[in-house]
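Chemist: build me a model:
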Amino acid sequence: QLEESGGGLVQAGGSLRLSCTASEFNFNKYMMAWFRQAPGKEREFLAGRSWRDGFPVYADSVKGRFTITTDNAEYTMYLQMNNMKPEDTAVYYCAAALYGDAQTMRNSRNTSWGQGTQVTVST
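Modeler: The predicted structure is shown next:
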């Protein structure tokens, strides 16, 4: 089960940290990732942590502003979001895919999703 928290309203230039509790997911076997979906747009990959080497990967749209981290002992994943922009407004989801990868997990039937948390960035 995946459950996000930490969403809310923030002003442009501000920061938020999202959390995802991922009970029963072995981070050494699962690709863990953050996605978002804005109204009328497709779900977008933001950041992921590879099960292969533990290294993070980022979408160009958030590179340098967002940071993904994991606490393996607590089965928790975080997304630190800095210098936020109005275009970051969306519902944010955490996701997990067994031996998955960033390129395929959005459309994979084997991907598990959280319920999402709303993030709104005001001008």
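Chemist: okay, buried residues for stretch 103-114 please.
Modeler: Buried residues in stretch 103-114, counted by 16 or more other Cβ atoms under 10 Å: 105-106, 111-114. All C-beta atoms are positioned from the backbone trio N, CA, C, and that covers glycine.
Chemist: pick out the residue nearest the middle of this protein.
Modeler: Geometric centre of the chain, nearest residue: Trp34, 1.7 Å, by Cα atoms, centre = their mean.
Chemist: am I right that it is in contact with Val91?
Modeler: No: Trp34 is beyond contact range of Val91, at 11.4 Å (criterion: Cβ atoms under 8 Å).
Chemist: sorry, back to before: which of the buried residues of stretch 103-114 lies closest to Thr76?
Modeler: Gly114 (12.1 Å; Cβ to Cβ).
Chemist: state the distance from that closest one to Lys85.
Modeler: Distance, Gly114 to Lys85, using Cβ to Cβ, to the nearest Å: 23 Å.
Chemist: number of nearby residues for Ala47?
Modeler: Residues contacting Ala47 under the criterion other Cβ atoms under 10 Å number 23.
Chemist: around Gly6, how many other residues sit close by?
Modeler: There are 16 residues near Gly6, going by other Cβ under 10 Å.
Chemist: what sits against it?
Modeler: 16-19, 117 (Cβ atoms under 8 Å, 6 or more residues apart in numbering).
Chemist: could you dump the buried residues of stretch 103-114 to a markdown table with pLDDT and secondary structure?
Modeler: Below are those laid out as a markdown table (pLDDT from 0 to 100; DSSP: H, G, I helix; E, B strand; the rest coil):
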| residue | pLDDT | secondary structure |
| --- | --- | --- |
| Met105 | 93 | helix |
| Arg106 | 91 | helix |
| Thr111 | 95 | strand |
| Ser112 | 95 | strand |
| Trp113 | 96 | strand |
| Gly114 | 96 | coil |
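Chemist: out of the residues you listed, which is nearest to Lys29?
Modeler: The shortest approach to Lys29 among those belongs to Ser112, at 12.6 Å (Cβ to Cβ).
Chemist: which ones are touching that closest one?
Modeler: 2, 25, 95-97.
Chemist: run through the bridge partners of Arg113.
Modeler: No, residue 113 isn't Arg; it's Trp. Ala95 (DSSP bridges).
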